[in-house]
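In: model this:
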Amino acid sequence: MPLKKRDFIEIEFTGKIKEGNVFDSNIKNDIQKAKLNLDAKPFVFCLGEGMFLKGVDDFLVGKEIGKYEIELKPEDAFGNRNTKFIQVVPIKIFHQQKTNPVPGTLFNFDGRVAKILSVSGGRVIVDFNHPLAGKTIIYNVDISRKIDDMNEKTKAMIDFFTKKDFKFSVENKKLVIEADSQFGEFLKLFKDKFKEILDLDLEIKEIQRAEVEKK
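Out: Below is the predicted model:
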């Protein structure tokens, strides 16, 4: 049966630029060969909800369980390079952060990551383009299964949003997640998403931080 938007699926994948260099994967051998600092475990996500690269996401809607090679032009992957994203930044900005700009390294400007291209006097030329902008991308994707279990779907969404393992339960259209007050407030930001995708009302069961650390 063809996959449709909001189906949850489990995949193994490897992403590489057309020239061959692997930049992303969840397959152990590919991760080791490319010397990437990534986890080798299957990835579960919801189709059509922005949980994976849009070009791949769009391609998989309507497909069957199986293996696919997906070639994406730059505009369907990480975008075309834009010369407007190459900017000059005063070196004092780096000094204020107690760091020295070095060509080839990455620097975070309030959530925007840029590559340092050159340093000359008090001027630093930085590139805010995505590192893979302008590249044709190839993804090899193996869809192993469609997921219907609500607990698996819920865990996948919690993992995606928080990158943490929370204890939770699902019963009578209600999702109860155990978290301390700090993380509880953070989880509430995704209340509408849990309702929209899983039709679950989110409730936070507050527990003390010491109990969280113990678990």
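In: CA atoms for contacts and neighbours, from now on please.
Out: Will do.
In: tell me the contacts of Phe78?
Out: 130, 132-135 (CA atoms under 8 Å, 6 or more residues apart in numbering).
In: no no, Val124
Out: Val124 neighbours (CA under 8 Å, 6+ apart): 88-91, 101, 116-118.
In: hmm, back to that, tell me the one among the contacts of Phe78 nearest to Val170.
Out: Proximity of these to Val170 was ranked by CA to CA; the top entry is His130 with 38.8 Å.
In: Let me know the helix or strand that that closest one is in.
Out: Secondary structure assignment for His130, by DSSP states H and E: no helix or strand.
In: Show me the helices in this structure, by range?
Out: Taking DSSP state H, the helices of the chain run over residues 28-34, 54-60, 91-96, 150-162, 181-187, 191-198, 209-214.
In: Contacts made by the fourth one with the rest, please.
Out: It stands for helix 150-162. Outside helix 150-162, the residues that touch it by CA under 8 Å, 6+ apart are 8, 44-45, 51, 147, 164-166, 169-170, 187, 190, 198.
In: Low-confidence ranges, this protein, go.
Out: Low-confidence segments of the chain (pLDDT under 70): 209-215.
In: Let me see the ranges of the strands in it.
Out: Remark: strands assigned in the chain by DSSP state E are 8-17, 22-25, 43-46, 66-72, 86-90, 106-109, 112-120, 123-127, 137-147, 168-171, 174-179, 201-206.
In: Quickly list the domain ranges of this structure.
Out: 1-79+133-147, 83-127, 149-215 (automatic domain parsing).
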